[in-house]
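Undergrad: Could you look at this predicted model? Sequence included:
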Amino acid sequence: MQIPVATYRLQFNPNFVFQHSHKIVAYLAEMGISHIYASPILTARQNSSHGYDTVNPNEINPELGGIENFLQLRQILKNYHMEWIQDIVPNHMAFDSQNHMLMDVLENGPHSQYRNFFDIDWNHPYEVIRGRVLAPFLGEFYGYCLESGKLILRYEENGLTINYYSWKFPIRIESYDRVLTYNLSALRETLGRDNPHLIKLMGVLYMLKHIPSGEEGRERYDQISFIKRMLWEIWNDSQDVQNHITANICIFNGEYGNPESFNFLESLLAEQFFCLSYWKVGNEELNYRRFFTVNDLICLRVEEKKVFEKTHQLIFQLVKENRLNGLRIDHIDGLYDPTQYVNRLREHAPEAYLVVEKILGRRELLPINWPIQGTSGYDFLAQVNYLFCNLDNEQEFDDIYQSFLGRTVNYQDIIDQNKRLIISKYLAGDIDNLANLLKQICINYRYASDFTIYGLKAALVEIMALFPVYRTYINSTEASKSDQEYIQKVINQAKSNIPNFLNEVAFIEKFLLLDFDEFLTEENREQWLHFLMRLQQFTGPLMAKGVEDTTEYVYNRLISLNEVGSHPDCFGISQEDFHHFNQTRFAQWPHSMNATSTHDTKRGEDVRARINILSEIPKEWEKNLKRWHAINKPQKNVTGGIDVPTPNDEYFLYQTLIGTFPWHEHEYPQFVDRIKEYIIKAIREAKVHTAWLKPDADYENNFTEFAEQILKPDNNEFLDLFRAFQKKIAFYGVFNSLSQTLLKITAPGLPDFYQGTELWDFSLVDPDNRRPVDFQLRQQYLENIKIQIDMDLPNFIAQLLQYPESGEIKQFLIYQVLSARKQYLEVFQRGTYHKLTIAGSLKGHIIAFSRKLGEQNTIVVVPRFITSLIKEGEYPIGKQVWQETRIISPTVSKPVWHNLITKQQVPSGDIIWLRDILQSFPVALLVN
């Protein structure tokens, strides 16, 4: 297995295809990147901006350049000794007309060769969708869409379809008879019984009455194909037949203003294998599993070996051919049996580097028995972010936040409220399906036969709302101690919360702990296990929507902590906590990814670095908050009896502006537009005053108008005051950014860089973080960096510190440290991790550790909480700052240490002085 030196995430899309990346391969190689880490590249729906909506898992996306351009890019990478890690999406595909496997299911239903590929409940208790697939994509109620002529029957070479805007739903072959035979006598009179075109049409009608079932397999598909070809030939050969079909379609499509005229089309739709409905129905009645709450992403049954093999065919071929050297598994928690999946994956890719996208709860550990290298890095992101939040000021920040809001706030209460909101409004159909599945089991179990759907659902809701982690991983062969502990804690709390449903909770407890009665048959045990496995698939989406996509837009105490994989109520960690995390990571997952920005993060890494500075200066933050609030109050409008924005949203906005405010004036107009767009997304995700389900245009417009007014560049008292304070935050934020960058590259694990983040990353959540990257600028900077290092490194470093606005200082650090990582690769990949003892008055401001392998030793030193050490415009370097603070040396085998960033020498001995280590640059990497 080849462990990457460093990975670089590229977001391929129709505007950035394989050929566009040809020009940057040499640049990335020079930067020290060993592996491209690519967003999904299999064929997605047309114009997909991200690739997670796959429609064909066995084709390289033609919009990106197809297989030929992919192979050409791979060869270019090979020329630079670079490899490829691929993001794959095993959990779901797009529910889209371009998804031919799914369209086959909608056309053939239980006779489809793909009938078991998608996670569909064909035996749903609701009769209207039993044996059909709900298609909740109508913009209005079904009846209105029907009678307004928005559902249109059409005929083309591939057959009859129901069309709704860009959607094309295939009509089942058995329904063709209904359309073709209408008013057939008139056609017969026109053509005469001996007309060859009529004879062919009658042959088609005869075959339609004798379509083989799905059991005949290939024979059914062959006959359907033959019927469609023959019908198309008749259509093209006979104008009379074409007129007949066209007239019938026109009749079926009805006449606007005449409701009765749509009876034909309604009757036709009633016998299809799909059931069209208003899109909101998908939240309440659903018979297929979605990705989270996204109707147009339908989940796969990848636990079925046939499905697994079919959907991974191309991926495994590319792995076998060494075109792909590693895989990143998207949304591992959505799978029926993640452990089974990763084991199968490893069997097919024994030498591939494997990581999973996994959000870990507090103190939750990745299953140690998974044959993978680790996670995609959210766990590291959380820890390094906490490190720069000053834990000592937590209470003061609580007081500031709650005082500004005028009310008390409890984070856990907000989570509970929002998870229950998601259950009731967004996952109601999924919960109903679980309750119905449980009820079916109860019927055959005498001790639970009296349980009602109401009681079972109440117990399920309580248990799911209380779940503290995304999911457990219990299957037929194992139930880890930690999973059992999570479950027992949840059950005990649920019993306390809903004493009226103790029996129902106790019954579900038996499932969760696999407490099978001895008399249960093997079939009964399989049903029990199936319910448990199914339940585990839905706790993840609930956690994601309730916490990540709702609570983290509501609880705004310090929004740098509101990040994917993080826990906003964790206001920082100690040095000991950080070292413990790294030691555990080295022992268990030494090759896991270290990420600081991804395509899913809510804020760019340097936005968080800035906002974390606030945790160091609570009094100054509070003072400015009050001034800004007073100045901006006249800009507020009243909507629904409240000032807009509310204090919580206003508090959120100020932090956002502090973190994202641009360095350069020319970026300002675009910045204001970005902020306004972000406001809409953020407050809809919060689901307090507006929401995606039911937008409140008045609140949204008034909030964006408020933002526009307070950001007007001229004669603006607020903006003048804000800029002065933000400039100070931005100055100190530079040092936070440099510190977290060095930690990412040198801590146990391997560094992952999201595209463009080698310069400052002041982006917000997608789509803001998917804007085009100016690689030409980055290449120019790199050329300058290389020249200046050779010419006059000390003077160059001084210039970088004096003018940090361009971000070149960050790119310089990455270049230098990746060069060192490559030179001492064995140390960073296999070297032991040791925290170093700091002595002196400023020991709380330094993080230091060593990585050691044999006689080779490196030391990493980064500062934190420097607002109390230096004034704005000064630098955290030299004796005047670090005074007597020192590191107790891990070794004295060499007379000097070499700083691999500045190329300076640092005297060795029993102690190493910080003033010598950080004599010209704010962070250091030493080698003996």
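TA: Ah, there it is.
Undergrad: For residue 429, give me its contacts.
TA: 282, 283, 284, 285, 286 (Cβ atoms under 8 Å, 6 or more residues apart in numbering). Yep, even glycine has a C-beta here, placed from its N, CA and C like the rest.
Undergrad: In strands, which of these appear?
TA: The members of the contacts of residue 429 all map outside strands under DSSP state E.
Undergrad: Just send the residues you listed back as JSON lines, with pLDDT too.
TA: Formatted as JSON lines, the contacts of residue 429 follow (pLDDT from 0 to 100):
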{"residue": "282", "pLDDT": "91"}
{"residue": "283", "pLDDT": "92"}
{"residue": "284", "pLDDT": "91"}
{"residue": "285", "pLDDT": "91"}
{"residue": "286", "pLDDT": "93"}
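Undergrad: Can I get these in JSON lines including neighbour count and distance to residue 463?
TA: Shown next, in JSON lines, are the contacts of residue 429 (neighbours: other Cβ atoms under 10 Å; distance: Cβ to Cβ, whole Å):
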{"residue": "282", "neighbour count": "23", "distance to residue 463": "24"}
{"residue": "283", "neighbour count": "20", "distance to residue 463": "20"}
{"residue": "284", "neighbour count": "16", "distance to residue 463": "20"}
{"residue": "285", "neighbour count": "18", "distance to residue 463": "22"}
{"residue": "286", "neighbour count": "24", "distance to residue 463": "20"}
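Undergrad: Return the closest of the residues you listed with respect to residue 648.
TA: residue 283 (25.5 Å; Cβ to Cβ).
Undergrad: Let me know the helix or strand that the closest residue in space to residue 131 that isn't next to it in sequence is in.
TA: Take residue 131 and drop its neighbours on the chain: the residue closest to it by Cβ to Cβ, 6 or more residues apart in numbering is residue 122, 5.8 Å away. Under DSSP states H and E, no helix or strand contains residue 122.
Undergrad: go on, residue 729?
TA: helix 717-746.
Undergrad: strand partners of the following helix or strand past that helix, parallel vs antiparallel please.
TA: Next in sequence after helix 717-746, counting helices and strands by DSSP H and E, comes strand 750-754. Strand 750-754 has these partner strands in its sheet, going by DSSP bridges: strand 7-10 (parallel), strand 593-594 (parallel).
Undergrad: Tell me which of those strands sits most buried.
TA: Mean neighbour count (mean count of other Cβ atoms under 10 Å) peaks for strand 593-594 among the strands paired with strand 750-754, with a mean of 28.
Undergrad: Show me what that strand is in contact with.
TA: 7, 355, 374-377, 380, 384, 743-745, 747, 749-752.
Undergrad: Check the residues you listed and tell me the two furthest apart.
TA: Pairwise over those, using Cβ to Cβ, the maximum falls at 355 and 743, 19.0 Å.
Undergrad: Take the contacts of residue 429 and lay them out in CSV including distance to residue 406.
TA: Formatted as CSV, the contacts of residue 429 follow (distance: Cβ to Cβ, whole Å):
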residue, distance to residue 406
282, 38
283, 33
284, 36
285, 40
286, 40
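Undergrad: which one of those is nearest residue 613?
TA: Nearest to residue 613 among the contacts of residue 429, with distances taken as Cβ to Cβ, is residue 283, at 40.4 Å.
Undergrad: My understanding was that the closest one contacts residue 294; is that so?
TA: No: counting by Cβ atoms under 8 Å, residue 294 is not a contact partner of residue 283; they are 11.0 Å apart.
Undergrad: which of the residues in stretch 667-686 are buried?
TA: Within stretch 667-686, the residues scored as buried using 16 or more other Cβ atoms under 10 Å are 671-672, 674-676, 678-679, 681-686.
Undergrad: and which of those residues is nearest residue 514?
TA: Nearest member of these to residue 514, counting by Cβ to Cβ, is residue 685, at 36.8 Å.
Undergrad: what's the neighbour count on residue 371?
TA: Residue 371 has 12 neighbours, counted by other Cβ atoms under 10 Å.
Undergrad: for residue 648, same thing?
TA: 22.
Undergrad: which neighbours does the helix or strand of the chain with the lowest mean pLDDT have in its sheet, and in what orientation?
TA: Ranked by mean pLDDT, DSSP states H and E, the weakest helix or strand in the chain is strand 637-639, scoring a mean of 88. With DSSP bridges as the test, strand 637-639 is paired with strand 642-644 (antiparallel).
Undergrad: What mean pLDDT does the helix or strand following the strand it pairs with get?
TA: For strand 642-644, the following helix or strand on the C-terminal side (DSSP H and E) is helix 647-660. Here helix 647-660 scores 98 as its mean pLDDT.
Undergrad: got the buried residues for helix 647-660?
TA: Using 16+ other Cβ under 10 Å as the test for burial, helix 647-660 gives 647-660.
Undergrad: Return the closest of the residues you listed with respect to residue 571.
TA: Each of those was scored against residue 571 by Cβ to Cβ, and residue 655 proved nearest at 14.4 Å.
Undergrad: Which parts of this protein belong to which domain?
TA: According to automatic domain parsing, the chain is divided into the following domains: 7-91+302-376, 100-291, 383-393+560-732, 410-554, 824-928.
Undergrad: Turn those domains into CSV, columns for distance to residue 809.
TA: Shown next, in CSV, are the domains of the chain (distance: least, Cβ to Cβ, whole Å):
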stretch, distance to residue 809
domain 7-91+302-376, 15
domain 100-291, 40
domain 383-393+560-732, 12
domain 410-554, 30
domain 824-928, 9
